[in-house]
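# The following block contains a protein sequence and its predicted model.
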Amino acid sequence: MADKLAALGGTPVVEAGSVRPWPHITDEDRKAVADVLAGEDLGVQRQAQEEGLAKDFAECLGVKHVVPVNSGTAALHCCVAGIGIEPGDEVICPAFTYWATAAAVLHHNGIPVFVDVEPDTWTLDPGRIEERITDRTRALLPVHIHGMPADMDPIKAIAKKHDLYVLEDCAQSHGATYKGGKCGALGDAAGFSSQASKLLTTGSYGGLFATNDDVIAERAKLLQYLGEIVVPGRERQMQKYNAYGLGWMYRGDVMGQAFIRSQLRRLDQNNALRAANCELLTELLADMPGVLTPIVPEGRGMAWYTYTVRFDPQAVGLELTAPDFRARAERALQAEGVPVGRWQTIPVPGQNIFQAKVGYGKGCPWTCRHASHEVSYDLADYPVAQEFVDSQMYVFGVNPPNGADLMREFAAAFEKLMAQPEELLKIEM
Ligand SMILES: Cc1ncc(COP(=O)(O)O)c(C=O)c1O
């Protein structure tokens, strides 16, 4: 007889305190941050860390320009401004993402237009893009969500055909590759987040803008310093106090920059450990009836930001909907000590700002005379994104220093549940 579920009073499979947090901090990281404070002149450090990070990350990606900023949203806004988006211009984004992707477009008075995602990869569906292209469309903004690279070849082919820019949202995909090329170096410009949960992080907030294009880089540099021209560390000597255009204050923080530079040295190693954990989980869960593990198509070098699982209740003889089963399984697994949960609860176009078209007030930017007033945010247009947010569950804790032993415990908790799925019906919801 199977052990009693922890949610019904049994003993949890995973002991409390077994899951180690992210980021994994080492003595090298501690020294990197302490060294910033070791000298007397922080101005020297600000220049060294900002320029050093720009150089290190540009080398890592193989691009010409990187601008460190204070969030992924700011980095994406630099992309949007960098390609010269003007009021009313439309940018195509996937319906499943964090809404910051679309916010970065709105920040520049652009209009986000959403396209549904592919069923297996949750990334922008190239087959649905062209039906949303209008004479106002200027760019495609695929998101390599959860570290899964979007299908860039057809996306780039569509962009070429319609003379559009391609921007990459790499907030969750540091180190991901597509057919051997690095995500972040595949389009015209890219924005990375380095917020605390990300694969490469400052430990708090941060972002990295990347491009190979000199003009896009110049515009991004202006945007992130209030429209002024500055040289990091030489602001007082060089600044002309003349704004060349509208800008924001998006500059990064010296401590975070020192920390992320140290973390960058272990990005590949950390990503490889995550991949090993996730591949082991897939191996252990793959044959469990009712559990559907992630599918990674050929050529997509996934960077495992999170691990996602879906359920098929009918496969274990339960007449529950997938969302109901997921909610019960989530409750049961949490009680077993497995860190699982949900992320988005509705596709981005379903969020209030798009349903009510309330941006800056008075309906702006949708009421702007340059914008089309017909852009539709009908949730019925995004069934795949809806299905994904309803039925997926995330397994967290796949980050190093957690390893194979913990993954086996996670799998054992799934096994305990799936051996007695009817017990899930007893859980009070
Ligand atoms: C897909 C995606 N895009 C953009 C962002 C925005 O990054 P940040 O929170 O650093 O502004 C995030 C952050 O979670 C994200 O997940």
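Nice, thanks for sending it over.
# need the residues of this protein near the ligand, please.
71-73, 97-98, 100-101, 143, 145, 169, 171-172, 193, 195, 207 (C-beta under 6 Å from any ligand atom). Yep, even glycine has a C-beta here, placed from its N, CA and C like the rest.
# now for those residues, which pair is the farthest apart?
Using C-beta to C-beta, the two most remote members of the residues of the chain next to the ligand are Ser71 and Ile145, lying 17.6 Å apart.
# Tell me which of these two has more neighbours.
Set Ser71 next to Ile145 and count neighbours by other C-beta atoms under 10 Å: Ile145 wins out with 28 against 21.
# gap between the closest residue in space to Val340 that isn't next to it in sequence and the ligand?
Leaving aside its sequence neighbours, Val340 sits nearest to Leu333 (C-beta to C-beta, 6 or more residues apart in numbering; 4.7 Å). In this view, Leu333 and the ligand are 23 Å apart by C-beta to the nearest ligand atom, to the nearest Å.
# you'd agree Leu333 is up against Ala413?
Yes. Using C-beta atoms under 8 Å, Leu333 makes contact with Ala413 at a distance of 5.8 Å.
# Can I get stretch 151-170 in CSV, CA atoms only?
The C-alpha trace of stretch 151-170 is given here as CSV (Å, rounded to 0.1, in the frame of the first residue of the first chain):
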residue,chain,number,x,y,z
ASP,A,151,11.9,29.2,-33.4
MET,A,152,14.1,32.0,-34.8
ASP,A,153,14.6,30.8,-38.4
PRO,A,154,11.0,31.2,-39.5
ILE,A,155,10.6,34.3,-37.3
LYS,A,156,13.6,36.0,-39.0
ALA,A,157,12.4,34.9,-42.4
ILE,A,158,9.0,36.6,-41.7
ALA,A,159,10.8,39.7,-40.5
LYS,A,160,12.9,39.8,-43.6
LYS,A,161,9.9,39.4,-45.9
HIS,A,162,8.1,42.3,-44.2
ASP,A,163,11.1,44.5,-43.5
LEU,A,164,10.8,44.3,-39.7
TYR,A,165,13.3,44.3,-36.9
VAL,A,166,13.7,41.3,-34.6
LEU,A,167,14.2,42.0,-30.9
GLU,A,168,14.8,39.1,-28.4
ASP,A,169,13.5,39.0,-24.8
CYS,A,170,16.2,37.0,-23.1
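# neighbours around the residue in the stretch 51-200 of the chain positioned nearest to the ligand, how many?
Relative to the ligand, the nearest point of the stretch 51-200 of the chain is Gly72 (2.5 Å; C-beta to the nearest ligand atom). Residue crowding around Gly72 was assessed by other C-beta under 10 Å; the count is 27.
# Tell me who's in contact with it.
100, 169, 171, 191-195, 198, 207 (C-beta atoms under 8 Å, 6 or more residues apart in numbering).
# how about the nearest residue to it, chain neighbours excluded?
Closest to Gly72 by C-beta to C-beta, 6+ apart is Ser193, at 2.5 Å.
# Is that neighbour bridged to anything, and to what?
Gly207 (DSSP bridges).
# Please read off the pLDDT at Gly233 from the model.
Per-residue confidence (pLDDT) for Gly233: 73.
# Quickly find the element holding it.
Remark: Gly233 resides in no helix or strand, with elements defined by DSSP states H and E.
# What separation is there between the closest residue to the ligand within the stretch 301-429 of the chain and Lys426?
With C-beta to the nearest ligand atom, the shortest gap between the stretch 301-429 of the chain and the ligand falls at Tyr305, namely 8.4 Å. According to C-beta to C-beta, to the nearest Å, Tyr305 and Lys426 sit 34 Å apart.
# out of the two, which sits in the more crowded spot?
Neighbours per residue, other C-beta under 10 Å: of Tyr305 and Lys426, the larger number sits with Tyr305, 26 against 12.
# is it true that the more buried one touches Leu199?
Yes. Tyr305 is within contact range of Leu199, at 5.8 Å (criterion: C-beta under 8 Å).
# which residues are common contacts for these two?
147, 172-173.
# Kindly reformat those residues as TSV containing pLDDT, distance to Ala217 and neighbour count.
Formatted as TSV, the shared contacts of Tyr305 and Leu199 follow (pLDDT from 0 to 100; distance: C-beta to C-beta, whole Å; neighbours: other C-beta atoms under 10 Å):
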residue	pLDDT	distance to Ala217	neighbour count
Gly147	98	26	26
Gln172	98	23	25
Ser173	98	21	31
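# Can you tell me which of those residues is nearest Leu164?
Among the shared contacts of Tyr305 and Leu199, and counting by C-beta to C-beta, the member closest to Leu164 is Ser173, at 21.0 Å.
# tally of neighbours for the nearest residue to the closest one once chain neighbours are set aside?
Spatially, and ignoring its direct neighbours in sequence, Ser173 is nearest to His144 (3.5 Å; C-beta to C-beta, 6+ apart). Residues near His144, counting by other C-beta under 10 Å, number 31.
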